[in-house]
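# please find the sequence and the predicted model below.
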Amino acid sequence: MTAAGAEHRSRALELGLQQTSTGSCPRRLAGLPHRAGSCWCESRLNDHGRRYRCTRDGRPVILWEPYSAGGEDLADVLASATADGLQVTVTGASPWYPGNTFVIAFEAAS
Ligand SMILES: [Zn+2]
């Protein structure tokens, strides 16, 4: 693992997120397959995408950490995630590059 990767994992842990893989297709959280070549997870917003386990309650969560998001791209992702039964949260608590990247977090709807 690179030093940058280790620092990213460490910052994620401080936010209560244990990285479990580099898989970044949110559809997996809903038990749906990734659709190579036509999946909405191939959005430009899927930057530094990783899968985590919440250390508080063990639930899986996928974070994308882009530097910015155009409204149209964001609307597309939100619509697709909702259609697949996922909950989406956008926060500024980004472990990748605090102060520069932000988080789009996906979870299975409860
Ligand atoms: Zn996918």
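Sure, I can see it.

# leaving out chain neighbours, which residue sits closest to residue 49?
residue 24 (2.6 Å; C-beta to C-beta, 6 or more residues apart in numbering). C-beta here means a position set from N, CA and C on the backbone, and glycine is covered the same way.

# got the residues of the protein near the ion?
Within the chain, the positions adjacent to the ion are 25, 34, 39, 41 by C-beta under 5 Å from the ion.

# which one (most neighbours) among these?
residue 41 (22 neighbours; other C-beta atoms under 10 Å).

# OK, contacts around that residue?
Neighbouring residues of residue 41 by C-beta atoms under 8 Å, 6 or more residues apart in numbering: 24, 25, 26, 27, 34, 49.

# where does the residue nearest the centre of the chain fall, secondary structure wise?
Closest residue to the average C-alpha location of the chain: residue 63 at 1.7 Å, with C-alpha atoms, centre = their mean. Residue 63 belongs to strand 60-64 when assigned by DSSP states H and E.

# determine the set of other helices and strands touching that strand.
In terms of contacts (3 or more C-beta pairs under 8 Å, 6 or more residues apart in numbering; DSSP states H and E), strand 60-64 is packed against strand 17-21, strand 50-54, strand 103-108.

# packing partners of the last one?
Using 3+ C-beta pairs under 8 Å, 6+ apart as the contact definition, the elements that strand 103-108 packs against are strand 60-64, helix 71-83, strand 86-91.

# buried ones in the longest one?
To tie it back to what came earlier, the one meant is helix 71-83. Using 16 or more other C-beta atoms under 10 Å as the test for burial, helix 71-83 gives 74, 77, 80, 81.

# gap between it and the chain center?
14 Å (C-alpha atoms, centre = their mean, to the nearest Å).

# can you check the first one too?
For strand 60-64, the distance from its own C-alpha centre to the chain's C-alpha centre is 4 Å (C-alpha atoms, centre = their mean).

# i'd like the first residue to be 23 from this point on
Got it, the first residue is 23 from now on, which makes the last one we talked about strand 82-86.
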